[in-house]
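> How does the following fold in three dimensions:
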Amino acid sequence: MIKAAKINADAAASFSISAKGIDTEITNAVAQLGFQVGALRDNIKQTNGLADATKAGISENRSAIGLENRAWLGITNERIVQFAPGKPVKVDIFLTNSGRTPANAVRTAVNISVNPQIVVFPASLGSFMFTTSVPPQGSRIVYVTSKSDLSGIQVAQFKNKSMFLIVSGTIDYEDFNRVQRATNICMYMSDPSTKEFAFCETGNGMD
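Reported below is the predicted structural model:
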């Protein structure tokens, strides 16, 4: 019986050791599994980060391509074609598309004003006039006429620079993505003897 008891005791001890070993293996397996899950989560985060970076890069490339190829309408020249007492002032504005695609649905709203100071007078939205599209590297002339006749007094005031002739307004259009764009202009007659124009300090810009 003593032998049998010892055998049973040894078996129990062996079983206990085996059970501890199993517990240790289970604990190690759980820890390993947790490590693998953490590593997998990190990989997923990195993958998502790369995907976001790729999307951002594609978006930036598209924006760059759009800016490079879109239409850009700007003023390249201007001239006074009529400037005499008793008649309205007439100015031709040369509008040029420096972009690589056409400027479509072009509308112009440009006014001629007379003022003792150089002030921007935005054109009323209701005064827009449609014109033809402007092709890449192409030009169009915008014909602008003052609403009132020029007086002899105003001509004298222009000469002594106590009065300024100002041409200002907006030209809007659509680019190849049908995005609405606008070019704002403000110019004044800087030299009445040569009828040359200069750009105002404010009121000019291309969207």
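> tell me the domain ranges of the chain?
1-69, 73-206 (automatic domain parsing).
> Mean pLDDT lowest where, among the ones you listed?
Within those, the stretch with the lowest mean pLDDT is domain 1-69, showing a mean of 60.
> got the residue ranges for the strands in the chain?
73-82, 88-97, 104-115, 129-130, 139-149, 164-174, 180-191, 196-199, 205-206 (DSSP state E).
> just so I know, which of those strands lies nearest residue 39?
For those, the distance to residue 39 is smallest for strand 180-191, at 50.0 Å, taking Cβ to Cβ. C-beta coordinates here come from the backbone N, C-alpha and C atoms, glycine included.
> can I get the CA coordinates of the closest one in CSV?
Only the C-alpha atoms of strand 180-191 are listed here, as CSV (Å, rounded to 0.1, in the frame of the first residue of the first chain):
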residue,chain,number,x,y,z
GLN,A,180,-16.4,79.1,-62.8
ARG,A,181,-13.4,81.4,-62.9
ALA,A,182,-13.1,85.2,-62.8
THR,A,183,-10.6,87.8,-63.8
ASN,A,184,-11.0,91.2,-62.1
ILE,A,185,-9.4,94.3,-63.7
CYS,A,186,-8.9,97.9,-62.7
MET,A,187,-6.9,100.3,-64.9
TYR,A,188,-6.6,104.1,-65.1
MET,A,189,-5.3,106.5,-67.7
SER,A,190,-2.0,107.5,-66.3
ASP,A,191,-0.8,109.8,-69.1
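> Partner strands of it and their direction?
strand 164-174 (antiparallel), strand 196-199 (antiparallel), strand 205-206 (antiparallel) (DSSP bridges).
> Residue 186 bridge partners, please.
Beta-bridge partners, per DSSP bridges, of residue 186: residue 168.
> Test my guess that it contacts residue 168.
Yes: contact criterion Cβ atoms under 8 Å: residue 186 and residue 168 qualify, at 4.2 Å.
> Overlap of the contact sets of the two?
120, 200, 203 (Cβ atoms under 8 Å, 6 or more residues apart in numbering).
> Can I have the buried ones of those as a PyMOL selection?
Applied in PyMOL, the following selects the buried portion of those according to 16 or more other Cβ atoms under 10 Å:
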select buried, resi 120+200+203
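> need the shared contacts of residue 186 and residue 168 in TSV with distance to residue 111, can you?
Formatted as TSV, those follow (distance: Cβ to Cβ, whole Å):
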residue	distance to residue 111
120	10
200	13
203	12
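> buried residues in stretch 147-154?
150, 154.
> Quick check: end-to-end length of that stretch?
Terminal residues of stretch 147-154 lie 15 Å apart, using Cα to Cα, to the nearest Å.
> Give me the contact list for that stretch.
Residues contacting stretch 147-154 (Cβ under 8 Å, 6+ apart): 83, 84, 85, 86, 87, 88, 89, 111, 112, 114, 163.
> Give me the buried entries from those.
83, 89, 111, 112, 114, 163.
> Nearest to residue 135 among those?
Of all the buried ones among the contacts of stretch 147-154, residue 135 sits closest to residue 111, with 26.6 Å by Cβ to Cβ.
> any idea how far residue 151 is from that closest one?
18 Å (Cβ to Cβ, to the nearest Å).
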